[in-house]
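Colleague: What follows is a predicted structure for the sequence shown.
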Amino acid sequence: MSLQEITHIIMQFIQTHQIWSLPIIFLLAFGESMAVISLLVPATAILLGAGALIGGGAISFLPVMIAASVGAVLGDWVSYWLGKHYHQQVIASWPLNKHPKLIFRAEQFFQRYGTLGVFIGRFFGPLRAFVPLIAGTMHMPASKFNLANIASAPIWAFVLLAPGAFGVPWLETLFG
């Protein structure tokens, strides 16, 4: 089954069973923010699709944004915790040992930008879930990590949800 098919099935499920939309969005954002799971979960496409469901009136923006934000914060925090407590053991194990360039890029990114790197890293695809892990392995103080993590999550959620949630109605007002 392709990622596109999985995305379609999940989007149909959310639309049909709206009561499950918040737990699903939470889990997707959590998975998208976890170092290993993020490689396997098509969360970005589904969150963009959730924005379209918001725009179509199927689900509400604010609760979905909160669920995505909390999931992202907790996913990053778990990745940070794993890095901090298991250091190089995590990086040396499968599947991370199969992606040394990605780990190296995340380390360089973190060394260059520090706390701001955690904030910025949330917005860069494959680095998104590895930056918190690397921040943990490099013993970034938890207070600095949490500040960047908590501040960036709602912005990230908004950026993913807004095009579908507000794009079509906004365009209709411009060209309607």
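Modeller: Nice, thanks for sending it over. Since the model is a prediction, treat every value here as computed from it, not as a measurement. Numbers count the residues shown, from 1 in each chain.
Colleague: Gly136 is in what secondary structure piece?
Modeller: When elements are assigned from DSSP states H and E, Gly136 belongs to helix 127-137.
Colleague: what helices or strands is that helix leaning on?
Modeller: Contacts defined by 3 or more C-beta pairs under 8 Å, 6 or more residues apart in numbering; DSSP states H and E place helix 127-137 against helix 21-33, helix 61-92, helix 100-121, helix 142-175. No exception for glycine: its C-beta is placed from N, CA and C like everyone else's.
Colleague: okay, now the spatially closest residue to Tyr113 that is not a sequence neighbour: neighbour count?
Modeller: Excluding the flanking residues, the one nearest Tyr113 by C-beta to C-beta, 6 or more residues apart in numbering is Ile120, at 6.0 Å. Number of residues near Ile120 (other C-beta atoms under 10 Å) recorded here: 16.
Colleague: Same question for Ser93.
Modeller: Around Ser93 there are 11 residues (other C-beta under 10 Å).
Colleague: Now it. Its backbone dihedrals?
Modeller: With angles defined as degrees, to the nearest 10, Ser93 sits at phi -100, psi 160.
Colleague: one step back: can you list the residues that contact the helix holding Gly136?
Modeller: 32-39, 75-77, 79-85, 87-88, 90-91, 102-103, 105-107, 109-110, 117-118, 121-122, 145, 149 (C-beta atoms under 8 Å, 6 or more residues apart in numbering).
Colleague: For the closest residue to Trp156 other than its chain neighbours, grab the count of nearby residues.
Modeller: Closest residue in space to Trp156, ignoring its immediate chain neighbours: Arg122 at 4.9 Å, by C-beta to C-beta, 6+ apart. Using other C-beta under 10 Å, the number of residues around Arg122 comes to 25.
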